[in-house]
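A.B. asks: Here is a sequence with its predicted model. Questions after.
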Amino acid sequence: MNRNWIYVLAAGLLEIGWVSGLKHAHDAFTWILTGAAILLSFWVLLMATSRLPVGTVYAVFTGIGTAGTVLTETIVFGEPISWLKIVFILILLGGVIGLKITTKEPEEPAKGGNS
């Protein structure tokens with residue numbers, strides 16, 4: 001996994017935090033954390049899109065965020081979950097993994113070579 005995909009993963013994890021923050025923030029501090037997570041999430045996402053296809057990056061980012069938010073809300077905050085939700089999360093994750101597998105990695109320029 002190259003650095004750009006790590007950026008996508010980090011942005012997706014931050015998205016889980018800020019989406020949950022939008023629902024559960026209750027004071028100035030938690031709202032500030034939520035806002036910071038939003039800004040950092042999109043900044044890291046922009047770094048990833050500088051080298052990877054925007055459509056693929058966005059689909060993977062939202063897939064991580066969606067599946068992660070559902071799981072976080074269920075595990076941490078006790079939201080109900082059904083088998084149907086689990087099936088759809090698995091379908092979503094399959095699509096995200098498929099996009100990652102089928103996306104061509106950008107070619108890195110040769111280091112130290114003369115052109």
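C.D. replies: Thanks, I have the structure now.
A.B. asks: Show the contacting residues for residue 13.
C.D. replies: Neighbouring residues of residue 13 by CB atoms under 8 Å, 6 or more residues apart in numbering: 64, 68. Where you see a C-beta, it was placed from the backbone N, CA and C, and this is true even at glycine.
A.B. asks: which residues in the chain form helices?
C.D. replies: Applying DSSP state H to the chain gives helices spanning 3-24, 28-49, 54-75, 83-102.
A.B. asks: Could you dump the ones you listed into CSV with mean pLDDT added?
C.D. replies: Formatted as CSV, the helices of the chain follow (pLDDT from 0 to 100):
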stretch, mean pLDDT
helix 3-24, 93
helix 28-49, 95
helix 54-75, 89
helix 83-102, 86
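A.B. asks: neighbours of residue 95, just the number please.
C.D. replies: Neighbours of residue 95 under the rule other CB atoms under 10 Å: 13.
A.B. asks: For the nearest residue to it once chain neighbours are set aside, give its distance to residue 81.
C.D. replies: Distances taken as CB to CB, 6 or more residues apart in numbering place residue 63 nearest to residue 95, at 6.5 Å, with adjacent residues excluded. From residue 63 over to residue 81 the distance is 18 Å, taken as CB to CB, to the nearest Å.
A.B. asks: between these two, which one's more packed in?
C.D. replies: Taking neighbours as other CB under 10 Å, residue 63 and residue 81 compare with residue 63 leading, 21 against 14.
A.B. asks: Count the residues that sit near residue 78.
C.D. replies: Other residues near residue 78 number 8, with proximity taken as other CB under 10 Å.
A.B. asks: contacting residues around residue 67?
C.D. replies: Shown in contact with residue 67 (CB under 8 Å, 6+ apart): 89, 92, 93, 96.
A.B. asks: hmm, try it at 6 Å
C.D. replies: Residues counted as contacts of residue 67 (CB atoms under 6 Å, 6 or more residues apart in numbering) are 89, 92, 93.
A.B. asks: likewise residue 37?
C.D. replies: Residue 37 makes contact with 14, 17, 18 under the criterion CB under 6 Å, 6+ apart.
A.B. asks: For those, pick the one with the most neighbours.
C.D. replies: residue 14 (23 neighbours).
A.B. asks: Please verify my assumption that that residue contacts residue 39.
C.D. replies: No. Contact criterion CB atoms under 6 Å: residue 14 and residue 39 do not qualify, at 9.3 Å.
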